[in-house]
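Let's see this in three dimensions:
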Amino acid sequence: MKPIILMLGFIFFIANFSFAKNSYEPSGNTPFDYESIYIYNFTKYIYWPNRTNQITIGVVGNPAAVLALKNMAEKKNNNNIHFEIKYFQTISHITDCQILFVTPEYTSFLPIIKQKIQHKSVLLVTEAAENAANQSSVNLIWNKEHTKLAFTVDKKQIENLGLKISSKLLSLAKE
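Here you go, the predicted structure:
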């Protein structure tokens, strides 16, 4: 009887460990998965000065966003373009990148983050409440049901960074 109880306990432990491990992997339909596709598409319609074939996307905030962006990068990397995804655990760790995605948990730190990337051609992308949205270059907006994603663009801010934005992208932005 004791070996059966030990065996059941072991099976229960393994099942719970496997479930916990898989719960952190993007399922392909998380909000960050959809946002990563938007961020990827921004790279096609925004032009950086001295652009190379590598685009570095940094993330401040939720590590699940990093996983979604890495999954996107694996699918979209090719000979023409290579994506490097960096996770910055704190604001002080932010280093060079072309795009910096700030998840909602860090939007209250936007003034400090903007100081950190000041005078650099970094596209600041947020998923911020409306009162913080004007602090970013691009803001991702979910509807109330969290079923539709849109975005706003601060054209003046993007141009002040020395970046050029396609009129096609501007036409898709929400006003």
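
element containing the residue lying closest to Thr43 once chain neighbours are set aside, please.
For Thr43, ignoring the flanking residues on the chain, the nearest one in space by Cβ to Cβ, 6 or more residues apart in numbering is Ile55 at 5.4 Å. (Glycine included, C-beta is placed from N, CA and C.) Secondary structure assignment for Ile55, by DSSP states H and E: strand 54-60.

sec struct for the residue nearest to the spatial centre of the chain, please.
Nearest to the geometric centre of the chain sits Phe101, at 4.5 Å (Cα atoms, centre = their mean). Of the three states, Phe101 takes strand according to DSSP: H, G, I helix; E, B strand; the rest coil.

For the nearest residue to Pro104 once chain neighbours are set aside, give me its contacts.
In space, and not counting its chain neighbours, Pro104 is closest to Glu127: 5.3 Å by Cβ to Cβ, 6+ apart. Taking Cβ atoms under 8 Å, 6 or more residues apart in numbering as the criterion, Glu127 is in contact with 35, 102-104, 107, 139-142.

Tell me which of those fall in strands.
102, 139-142 (DSSP state E).

out of those, which one sits closest to Trp48?
Nearest to Trp48, judged by Cβ to Cβ, of the ones in strands among the contacts of Glu127 is Val102 at 18.6 Å.

mind listing what the nearest residue to Ala173 once chain neighbours are set aside touches?
Excluding the flanking residues, the one nearest Ala173 by Cβ to Cβ, 6+ apart is Val153, at 4.2 Å. By Cβ under 8 Å, 6+ apart, the contact set of Val153 is 137-138, 165, 169-170, 173.

Could you list which of the residues you listed belong to helices?
169-170 (DSSP state H).

now the contacts of Val153 in JSON lines, with pLDDT?
Converted to JSON lines, those look like this (pLDDT from 0 to 100):
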{"residue": "Ser137", "pLDDT": "93"}
{"residue": "Val138", "pLDDT": "95"}
{"residue": "Ile165", "pLDDT": "95"}
{"residue": "Leu169", "pLDDT": "94"}
{"residue": "Leu170", "pLDDT": "95"}
{"residue": "Ala173", "pLDDT": "92"}
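
which of the contacts of Val153 are buried?
By neighbour count, with 16 or more other Cβ atoms under 10 Å, the contacts of Val153 hold 137-138, 165, 169 as buried.

Tell me the one among these nearest to Gly61.
Val138 (15.4 Å).

Would you agree that closest one is in contact with Ala150?
No. Contact criterion Cβ atoms under 8 Å: Val138 and Ala150 do not qualify, at 10.9 Å.

Done for today, thanks.
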